[in-house]
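1. Below: sequence and its predicted model.
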Amino acid sequence: GAGVSQSPRYKVAKRGQDVALRCDPISGHVSLFWYQQALGQGPEFLTYFQNEAQLDKSGLPSDRFFAERPEGSVSTLKIQRTQQEDSAVYLCASSLEAAQETQYFGPGTRLLVL
Amino acid sequence: SQKIEQNSEALNIQEGKTATLTCNYTNYSPAYLQWYRQDPGRGPVFLLLIRENEKEKRKERLKVTFDTTLKQSLFHITASQPADSATYLCALGSGSARQLTFGSGTQLTVLP
């Protein structure tokens, strides 16, 4: 289909490893969001891009988290020196226009840090 | 600080009945409120959006109300079916910030 895709779907990392999570938004979607969802909780905002510009990164929990979207399409969320508390599902969402409120979510990447 | 509460973690109802889910918020003035459905292992799927100047929205068997005085939204599924079993998330958005603020969700189980 033409939905949001994320890879990998599952990632197991040893504490201290770096990980990179990829998001392919719906083609042509201007806005891209990253959320973190802990077990039994709702998604929590991490960062927001409009095209290639990162307009809001207020939700990133530490400077170990870094996101980019260099060409305004695919985005990568990188976590350096992973910690056990980073274990969660990382969701990517996109929307067609900057002013559109509805977001289309990918299936998420489940990260487990041992 | 901003807080969003959804009425209960789990709700069980009999098939054919109406399910009513509650979303209450504090310290927030949303421009709109959305309801999403999330199935295990999948991302949230958009269902309905209601704006601050709207009282009620309907879509097929779904109905959402929004009371900005009570700071509450109610989400109804009429003639519920086992296929409606999922976690339902309410999400608030403001006009300036693009991100959504989600509640923790209510897990609905419709029993056959």
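-> Structure's in. What do you need?
2. what are the bridge partners for residue 22, then?
-> No chain in the question, so chain A it is. residue A:7, residue A:76 (DSSP bridges).
3. Not quite, go with chain B.
-> residue B:74.
4. Also residue B:4?
-> Assessed by DSSP bridges, residue B:4 has beta-bridge partners residue B:25.
5. Next one, pLDDT for it please.
-> According to the predicted model, the pLDDT of residue B:4 comes to 92.
6. Distance check, it against residue B:27.
-> Separation of residue B:4 from residue B:27 (C-beta to C-beta, to the nearest Å): 10 Å. For the C-beta atoms, the positions are set from N, CA and C on the backbone; glycine is no exception.
7. Neighbour count: the two, which is higher?
-> residue B:4 (23 against 9; other C-beta atoms under 10 Å in any protein chain shown).
8. residue contacts, residue A:43?
-> Listed by C-beta atoms under 8 Å, 6 or more residues apart in numbering or on different chains, the contact partners of residue A:43 are A:35, A:36, A:37, A:91, B:44, B:89, B:100, B:102.
9. With neighbour count, secondary structure and pLDDT as added columns, please give those in CSV.
-> Converted to CSV, the contacts of residue A:43 look like this (neighbours: other C-beta atoms under 10 Å in any protein chain shown; DSSP: H, G, I helix; E, B strand; the rest coil; pLDDT from 0 to 100):
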residue, neighbour count, secondary structure, pLDDT
A:35, 25, strand, 98
A:36, 21, strand, 98
A:37, 22, strand, 98
A:91, 26, strand, 98
B:44, 29, coil, 98
B:89, 28, strand, 97
B:100, 27, coil, 91
B:102, 24, strand, 96
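10. and the most centrally placed residue in chain A, bridged to which residues?
-> Of all residues in chain A, the one closest to the mean position by C-alpha atoms, centre = their mean is residue A:34, 3.4 Å from it. Using DSSP bridges, the beta-bridge partners of residue A:34 come out as residue A:47, residue A:92.
11. That one reaches residue A:75, doesn't it?
-> Yes: checked against C-beta atoms under 8 Å, the pair residue A:34 and residue A:75 is within contact range at 7.3 Å.
12. on that earlier part again, could the contacts of residue A:43 go into CSV alongside distance to residue B:35?
-> Compiled in CSV, these are given as follows (distance: C-beta to C-beta, whole Å):
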residue, distance to residue B:35
A:35, 16
A:36, 21
A:37, 17
A:91, 17
B:44, 10
B:89, 7
B:100, 11
B:102, 11
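13. tell me which of those is nearest to residue B:110?
-> Closest approach between the contacts of residue A:43 and residue B:110, by C-beta to C-beta: residue B:89, at 17.2 Å.
14. Excluding residues flanking it in the chain, which one is nearest residue B:90?
-> Leaving aside its chain neighbours, residue B:90 sits nearest to residue B:23 (3.5 Å; criterion: C-beta to C-beta, 6 or more residues apart in numbering or on different chains).
15. doesn't residue B:34 make contact with the one you found?
-> No: contact status for residue B:23 versus residue B:34: not in contact, 10.1 Å apart, counting by C-beta under 8 Å.
16. Between the two, which is the more surrounded one?
-> Remark: of residue B:23 and residue B:34, residue B:23 carries more neighbours, 26 against 23, as counted by other C-beta under 10 Å.
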